[in-house]
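[1] Provided below are the primary sequence and the corresponding predicted coordinates.
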Amino acid sequence: MTKPVPSAPLSAPRPRGGVLRGLLDLRPRPTLERAAESVDAVAQGLAAVKSYAFASVDYPGAAQSHVFDSNGTAAVGAFVFDPRSSHSPSTAFTFTGGAYEILTVPGSTASFASGINQAGVIVGGYDDLAGLRHGFVSDGDTFSNVDFPGANETQAMGINDAGEIVGVYFDAVRVEHGFLTSGGSFTAIDGPGATSTSAAGINAVGDIVGVYEDATGIYSYLLQAGVFTRIDFPLANITFAFGINDAAEIAGLYRDTSSGFHGFVYAGGAFSTVDVGGAQDTQLLRIKNDGLVTGLYIDPLGGVHGLTGR
């Protein structure tokens, strides 16, 4: 069975379409027997293997947990108690000092926390009572909506230490666009010739990473000073870039030729594969200035676990 193409981080409660459809989908997925990979970038010397000491981050009692980001003190993400039930939505959480806490987003029926900066400001997305998606930003005391002007729906994905936020919005005809909001103003982000675009991560100097789709396929990009540069893991079917630190090191995931997913780090002009030992899939979402990575892995039985690693 072929896995769904990943895309929108935690499209809660169900994927909504566009470049990001299916990524980090919390629905059940089958346990797979992998065929041998017909191409291997590591074996061919096109990429290295990078080793981390990983720790699982699993919300107590949840069937599935994701860690989207961390500032070194707190980790943020989302969990689902029963992914088979429509009455068990994804719920944002924080993990600080060994303690888990639900992040209660006012007026939400489903939520996820996807970014946190060094000041502890959190961004994410939630579904309202009408089932429409909004982005949010929270400083710990107050919540504010992040809605692209005139958009049908919006979800905030990443935040830097200056408080600049990137994410995704859907226009009136359900076309997906990336966006940047800074100082109260919004700017749309569309890849070259793209039919849909997402913006997932931003660093302190305003470099942005994400994914766009055009007539030929789905591609990751780095946007620096208005210039788009494609990020393609060697020999991968699809590459998804989601996090970038201040040294312009990039973290994400790629799909191999047998439809398995692996984490990757791009640093110093070179790619490295990052996999949790024995996992069915590994997906990295952020890389921080001190090298901390966050994401998720899927165990051999199909269980989904949040992760942090150094």
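    Yep, it's here. Just so we're clear, the structure is a prediction, and the values are computed from it rather than from any experiment. Residues are numbered from 1 along each chain as shown.

[2] which residues does Phe233 contact?
    41, 47, 239, 254, 264, 271 (CB atoms under 8 Å, 6 or more residues apart in numbering). C-betas here are computed from N, CA, C, even on glycine.

[3] Strands - which of those residues land there?
    239, 254, 264, 271 (DSSP state E).

[4] picking that back up, can you lay out the contacts of Phe233 as TSV showing pLDDT?
    Shown next, in TSV, are the contacts of Phe233 (pLDDT from 0 to 100):
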residue	pLDDT
Ala41	91
Ala47	93
Thr239	96
Tyr254	95
Phe264	97
Phe271	97
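
[5] just to revisit the earlier point, can you say which of the ones in strands among the contacts of Phe233 are buried?
    239, 254, 264, 271 (16 or more other CB atoms under 10 Å).

[6] Distance to Tyr219 for these - can I get that in CSV?
    Shown next, in CSV, are those (distance: CB to CB, whole Å):
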residue, distance to Tyr219
Thr239, 7
Tyr254, 12
Phe264, 14
Phe271, 15
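
[7] Looking at those, which one is closest to Ser51?
    Phe264 (13.5 Å; CB to CB).

[8] mind listing what that closest one touches?
    47, 233, 239, 251-254, 271-274, 284.

[9] Could you rerun that using 6 Å?
    233, 252, 254, 271, 273 (CB atoms under 6 Å, 6 or more residues apart in numbering).

[10] likewise Leu307?
    54, 295-297.

[11] let's see 10 Å
    By CB atoms under 10 Å, 6 or more residues apart in numbering, the residues touching Leu307 are 52, 54-58, 65-67, 75, 77, 263, 276, 279, 282-285, 293-297.

[12] average pLDDT for the host helix or strand of it?
    For Leu307, the element it lies in under DSSP states H and E is strand 304-309. The average of the pLDDT scores along strand 304-309 is 97.

[13] Tell me how far that strand lies from the chain's centre.
    13 Å (CA atoms, centre = their mean, to the nearest Å).

[14] what about the closest residue to Tyr59 other than its chain neighbours, distance to Val168?
    Closest residue in space to Tyr59, ignoring its immediate chain neighbours: Phe79 at 3.7 Å, by CB to CB, 6 or more residues apart in numbering. Phe79 is 21 Å from Val168, where distance means CB to CB, to the nearest Å.
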